[in-house]
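Engineer: My questions concern the predicted model and sequence given below.
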Amino acid sequence: MDKAARIAQINELLPPCIKVLNGQVADINPEAGECEMHFEVSEQFCHSVNVVQGGNVTVMLDAAMANAAFMMASDIAALPSLEIKVSFLAPTLAGPVKAFGKVVKLGGSTAFLEGTLINGAGEVSARSTSTAKLVRRKA
């Protein structure tokens with residue numbers, strides 16, 4: 001399957017919590033363990049003064065990190081988070097947002113991940129790290 005077909009397949013299977021934020025996978029690099037996602041966040045996900053609520057920022061980062069891991073190994077059935085840390089560096093406002101996920105290390109049962117969120121002004125608005133459990137399909 002070529003890259004465009006794989007991205008289309010991933011986007012068809014995105015869960016509702018990503019679709020409601022108008023999220024989609026824009027680019028993948030399976031060999032490097034990288035995923036780029038684009039979101040178009042509406043004001044309904046904001047609190048005061050059009051600022052996206054932190055939980056929604058975390059959702060976007062988590063999605064990009066998880067999809068980066070899913071791209072690296074076809075036998076990953078699930079990737080439940082064991083720990084996520086998010087540093088909020090600048091406001092993320094409603095509108096276009098880009099999330100980048102990267103696999104730092106993919107082990108036999110654990111994944112170590114990093115994420116970066118770019119707000120509509122092109123600034124890094126949040127960074128994240130995550131440790132996740134790899135649930136692999138049985139052969």
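Structural biologist: That came through, no problem.
Engineer: ok, what's across the strand from Ser128?
Structural biologist: With DSSP bridges applied, Ser128 shows beta-bridge pairing to Val86, Gly115.
Engineer: Also His38?
Structural biologist: In this entry, His38 is beta-bridged to Gln24, Lys98, by DSSP bridges.
Engineer: For it, report the pLDDT, please.
Structural biologist: Per-residue confidence (pLDDT) for His38: 98.
Engineer: Tell me who's in contact with it.
Structural biologist: 23-24, 26, 96-99 (Cβ atoms under 8 Å, 6 or more residues apart in numbering). The C-beta positions use only the backbone N, C-alpha and C, and glycine is treated the same way.
Engineer: From Ala111, how far out is it?
Structural biologist: For His38, the distance to Ala111 equals 23 Å [Cβ to Cβ, to the nearest Å].
Engineer: Also Val103?
Structural biologist: Val103 sits 6 Å away from Ala111, going by Cβ to Cβ.
Engineer: Neighbour count: these two, which is higher?
Structural biologist: Ala111 (26 against 22; other Cβ atoms under 10 Å).
Engineer: Distance-wise, check that one relative to Ala69.
Structural biologist: Computed as Cβ to Cβ, the Ala111 to Ala69 distance reads 5 Å.
Engineer: Which residues are in contact with each of these two?
Structural biologist: Taking Cβ under 8 Å, 6+ apart as the criterion, Ala111 and Ala69 both touch 79, 103, 132, 134.
Engineer: Could you save those residues as CSV and add columns showing secondary structure and pLDDT?
Structural biologist: CSV is the format used below for the shared contacts of Ala111 and Ala69 (DSSP: H, G, I helix; E, B strand; the rest coil; pLDDT from 0 to 100):
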residue, secondary structure, pLDDT
Leu79, coil, 95
Val103, strand, 98
Ala132, strand, 98
Leu134, coil, 95
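Engineer: okay if I get those residues as TSV plus distance to Glu43?
Structural biologist: TSV is the format used below for these (distance: Cβ to Cβ, whole Å):
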residue	distance to Glu43
Leu79	30
Val103	33
Ala132	31
Leu134	36
